[in-house]
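Visitor: What follows is a predicted structure for the sequence shown.
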Amino acid sequence: MTMKDELKYKHLAEQAAREHRRERKIRTIAFLKRKSAAAALLVLVLITLAAVFAPLVAPYPDQGKGAVNLGERLQPLSGKHLLGTDTFGRDILSRLVYGARVSIFGGLFIVCAAALIGVPLGLWAGYSEGAPGVVISRIGEILISFPAVLIAIAITTVIGAGLTSAVIALIIPWWPWYARIIQGEVLRLKRMLFVEAAQMLGYGKSYILFRHLLPNIMRTVMVMMLLDFGPAIISIGLLGFLGLGTQPPNADWGLMVWEGAPNLMQQPWIAISPGAAMFILVMAFNIFGDNLQDYLDG
Amino acid sequence: MGEVLIRTQSLRTWFPKRKSLLGKPGAWLKAVDDVSLTIYRGECLGLAGESGCGKSTLGRTILQLVKPRSGSVRFDGTALRNLDFRQLQPFRPRMQMVFQDPRSSLNPKMTMLKILAEAIRANPDHDGDSILDQAVELADMVDLRPEHLFRYPHEFSGGQQQRICIARALATCPDFIVFDESTSALDVSVQAQILNLIKRLKQRLGLTYLFISHDLNVLAQVCERIAVMYAGQIVEIQESGRLFSSPGHPYTRGLRDAVPIADPEAKQTFVSIKGEVPSLVDPPAGCRFHPRCDFADRLCATRVPELQRLERHRSWIRCHRYRQLNFNQERR
Amino acid sequence: MSVKQKEKPILEVKDLVAEFTTAAGRLRILDGIDFSLFPAEILALVGETGCGKSVTAKSIMNLLAEQVCKRRGKVMMDGVNLLDLSKKQMRSYLGRRISMIFQNPIASINPVFTLGEQIRRLVRIHMAGEITRVKSELGCTTAAAIDRLAAANLEKVGLTDVDQLMRAYAHQISGGMAQRYRIATAVLGNPDVLIADEATSALDVTVQAHILRLLKRLSAEKNTAIIFITHDLGIAAQLCQQVAVMYSGRIVEVAPTAELFKNPLHPYTRGLLKAVPQLSRKTGLEHIPGTIPDLRNPPSGCRFHPRCRQAMERCRRLRPPLVETKSHQVCCHLYDAGNKEAAWAKS
């Protein structure tokens, strides 16, 4: 094989790579052109940036963190406080920004941890026949049959309330969903002929698992995680509302709703703002996730 | 030619059907039930049969993709059955398979080059240097070009995908390839192309084939000898021309007569074997074909006929009444 | 169109066009289908994957979603253009004038009801006159009359143990039995036309033979014309009186069966016949070079020209016209009398 031939193949490889990149770019642009996807992405980026840079974004960072301001209690929306103040005079917008941290990072942690536990278990359950699959399935089924929040409530009552406890308590009923779906995917993929072909060539179980099965489930896992953020955020909010999550005076959307509930008639903005924020964030995740699914399938 | 490459002896592959709570099987699906087959080096043996007769399972059992319940498979003299994973490794490169559905045979996340590279590397004796060169050569053998190596499976047509599968099967320099309904999912013209390719490769590389298909027309094209399978058993093996002109077994005859001929002059009557294919879980007693056979007698209903060797070269038949029936005089 | 048949066709398809709106743009799946079906005739519609044979059937039956598929042209049945009928109006034709059976018989039976329930319902709808007759003849109730007629129809297609069968569900019977059942339900309204879409492709060859024989018999007995869609040229040769060959949205050749096999005119037909493996065939197979066209970017002029050994310059520019010879109907420039190149190219 001469040098010229080697270069010729390199050129073909690059040409193919270029074409694949171009196709991906076209699909990405088509994806972003979809108004819903672009809007959802924008919302997600803005809220995440706000959460990350909370001290810079919040107009009153101390109040966001919990410092009271009794002089300006229950102020309606104004130029000074864009979303008004709550019963302790704290700027609601600032509290929303700090609350976003809990929702986004808490949600992120729950989803990632659940995936990190559930996906390998699902892979193992699906790939090895017999006992492991059955055991994991049964455990998962038991956990799934109760609403996750209910289990989390039970756990936090035992280990005590607080953001860390709430997150841990939610991870426990959260992973089975991943395990079951991945188990199903693996069972489906196992029947694919390219798996048999790899067996034909003499490759072992772990090779097939990592080289053939895993790459083909990544897409599913990504979409699952994205669509799972919504429920995770709501669940944290729910625990916060019940007082089992973030403890006052820290900001947490669920907690804020609870704090604003007594004044719902006279000062509705206190409870509605965090509720609306949760709604918008969850919608954004769902819309983005749906569109992403189309993009990945296309 | 003349040397035995593969010999199976009383091969049985049974799948458990119903499991009790503890996992003990209630009934067995006898996909392969007492198959003794010889495949000679350099030949293309066809394996014919309708759906659910066990032919795919037989192919997979020979290649050790499925573990048999009893019986033996000998490859080039060595018994494969009791070898463990490690001991089986040196044999894997020597026998390969091309499956029915080309699309699911290829990992959608791997380029053709990666697919072939994986196969090339599977052979422990493979040449250390340029896998790329070998891949280019393989592509050329199946009439694909070097630029195709960098493409993903979904960028190819069905026929091209199947050619990639064939290239992969050739990558380990095998002696033996099993084609499991490899052209059934392809259009007529594409099928013709693939069949011609397969024949050319066999001649050029001195390969031995087991060609599994329900389509007798296709088998007539590529196979020198054909084995007919029914309800998990081989009922007839004959040289292909003779199998079609004067079949020995009533089932073979019925099968042949049922195939529509693409020639309006040959006015067929569509008279065919009555009844349905039997269940592999609870096959009929005696000769499995007897409930559907126009010539069955009491013996057929009670005793399973043995696979008898015929005087004719490398021919076998499993039928009590073979000599009396003597379809040899028949002409289409 | 065969000169021999002086009768009027029972179904006449003229320039049927079907355009699909998809994510990839507008695809012209059917590019002008022309053929005629005569009473009690069995016509084979032959073609490879993606040529549009199923879409043709579904277009005739109006089974495609209107938002996705726009149809144009004429599908004449008794002076009425079926394309002009709404889905609701078309429903009165289904089962009564025109019926269809599909490739996967078990999947095309409603799995939730027993076979008996489904056929009784159809008997009630389509065989009202017969019900009254049986009632008066036997002096029984309506329900009993329906039962008798249902059982009789099932026996007529060769099914046995009918009482047990009527209590069964779709998944409990075999493919062969299911297809017989579907044929029974499709013809009990005595339709003039039955479309069989790859009706035997999923069945074993021995079961297929029974079904083909059944269809042949029914066609003769009930005077039903059949359009048999298939990729199997053997079935076309043995079962059908006329064969229509389809390629990429057009019917490229129609001829009586013997004529088509003996004297194929269109280059695609010739290529196809040379690629079909046969038991008796001594010669090798030849394949048609190239692949079927991508309808997102179809070839200009004749859709077959990139693969045609006899392609002329005009094949790239102009869509081939429908040419009628005394035995064939062909869409090919080679046979266009007004085409001077043709005489040279045909040699």
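Guide: Yep, it's here.
Visitor: nearest residue to residue B:38 other than its sequence neighbours?
Guide: In space, residue B:38 comes closest to residue B:7 once its chain neighbours are excluded; the distance is 5.1 Å by C-beta to C-beta, 6 or more residues apart in numbering or on different chains. (Glycine included, C-beta is placed from N, CA and C.)
Visitor: is it fair to say that neighbour lies in a helix?
Guide: No. Residue B:7 sits outside any helix when classified using DSSP: H, G, I helix; E, B strand; the rest coil, being strand.
Visitor: phi, psi of the residue lying closest to residue B:314 once chain neighbours are set aside?
Guide: Nearest residue to residue B:314, sequence neighbours excluded (C-beta to C-beta, 6+ apart): residue B:225, at 6.3 Å. Backbone torsions for residue B:225, taken as degrees, to the nearest 10, come to phi -130, psi 150.
Visitor: Show me what residue B:225 bridges to in the sheet.
Guide: Beta-bridge partners recorded for residue B:225 (DSSP bridges): residue B:45, residue B:239.
Visitor: give me the number of residues near residue A:138?
Guide: Neighbour count for residue A:138, taken as other C-beta atoms under 10 Å in any protein chain shown: 10.
Visitor: I'd assumed it was in a helix, is it?
Guide: Yes. Counting by three-state DSSP, residue A:138 is part of a helix.
Visitor: Report the contact partners of the residue nearest to residue B:314.
Guide: By C-beta atoms under 8 Å, 6 or more residues apart in numbering or on different chains, residue B:225 lies in contact with B:43-46, B:237-240, B:314.
Visitor: try it again with 7 Å
Guide: B:43, B:45-46, B:237-240, B:314 (C-beta atoms under 7 Å, 6 or more residues apart in numbering or on different chains).
Visitor: Now which of the residues you listed would you call buried?
Guide: Buried members of those, scored by 16 or more other C-beta atoms under 10 Å in any protein chain shown, are B:43, B:45-46, B:237-240.
Visitor: which two from those end up farthest apart in space?
Guide: Pairwise distances across the buried ones among the contacts of residue B:225 (C-beta to C-beta) peak at 13.0 Å, for the pair B:43 and B:238.
Visitor: any low-confidence regions in chain C?
Guide: In the predicted model, chain C carries pLDDT under 70 at residues C:1-6, C:338-347.
Visitor: Tell me the residue of it that sits nearest chain A?
Guide: Here chain C gets closest to chain A at one residue, residue C:23, 7.6 Å apart by C-beta to the nearest C-beta.
Visitor: ok, that residue - how many residues close by?
Guide: 7.
Visitor: again, but for residue A:193
Guide: Counted with other C-beta under 10 Å, residue A:193 comes out at 21.
Visitor: From residue B:47, how far out is it?
Guide: From residue A:193 across to residue B:47, the span is 18 Å (C-beta to C-beta, to the nearest Å).
Visitor: same deal with residue C:118?
Guide: Relative to residue B:47, and taking C-beta to C-beta, residue C:118 is found at 39 Å.
Visitor: Which of the two has more residues huddled nearby?
Guide: Neighbours around residue C:118 and residue B:47, counted as other C-beta under 10 Å, are more numerous at residue B:47. The numbers are 28 against 18.
Visitor: part of a strand, is that one?
Guide: Yes. Assessed with three-state DSSP, residue B:47 lies in a strand.
Visitor: residue contacts, it?
Guide: Residue B:47 touches B:55, B:58, B:210-212, B:227, B:229, counting by C-beta under 7 Å, 6+ apart.
Visitor: Now tabulate those in a markdown table and tack on secondary structure, distance to chain C and neighbour count.
Guide: Compiled in a markdown table, the contacts of residue B:47 are given as follows (DSSP: H, G, I helix; E, B strand; the rest coil; distance: C-beta to the nearest C-beta, whole Å; neighbours: other C-beta atoms under 10 Å in any protein chain shown):
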| residue | secondary structure | distance to chain C | neighbour count |
| --- | --- | --- | --- |
| B:55 | helix | 13 | 28 |
| B:58 | helix | 18 | 29 |
| B:210 | strand | 18 | 27 |
| B:211 | strand | 12 | 26 |
| B:212 | strand | 15 | 26 |
| B:227 | strand | 16 | 26 |
| B:229 | strand | 13 | 24 |
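Visitor: sec struct for the residue of the stretch 1-150 of chain A found nearest chain B, please.
Guide: Nearest residue of the stretch 1-150 of chain A to chain B (C-beta to the nearest C-beta) works out as residue A:16 at 3.4 Å. Here residue A:16 takes the helix state, with states given by three-state DSSP.
Visitor: Pull out the buried positions in stretch B:304-316.
Guide: Buried residues in stretch B:304-316, counted by 16+ other C-beta under 10 Å: B:304-305, B:307, B:315-316.
Visitor: Around chain B, pick out the residues from chain A.
Guide: Contact residues, chain A versus chain B (C-beta under 7 Å from any C-beta of the partner chain): A:1, A:9, A:12-13, A:16, A:192-194, A:196-197, A:199-203, A:212, A:215-216.
Visitor: all strands of the stretch 101-250 of chain C, in order?
Guide: For the stretch 101-250 of chain C, the strands defined by DSSP state E, counting those that start in this stretch occupy C:193-197, C:225-230, C:242-247, C:250-256.
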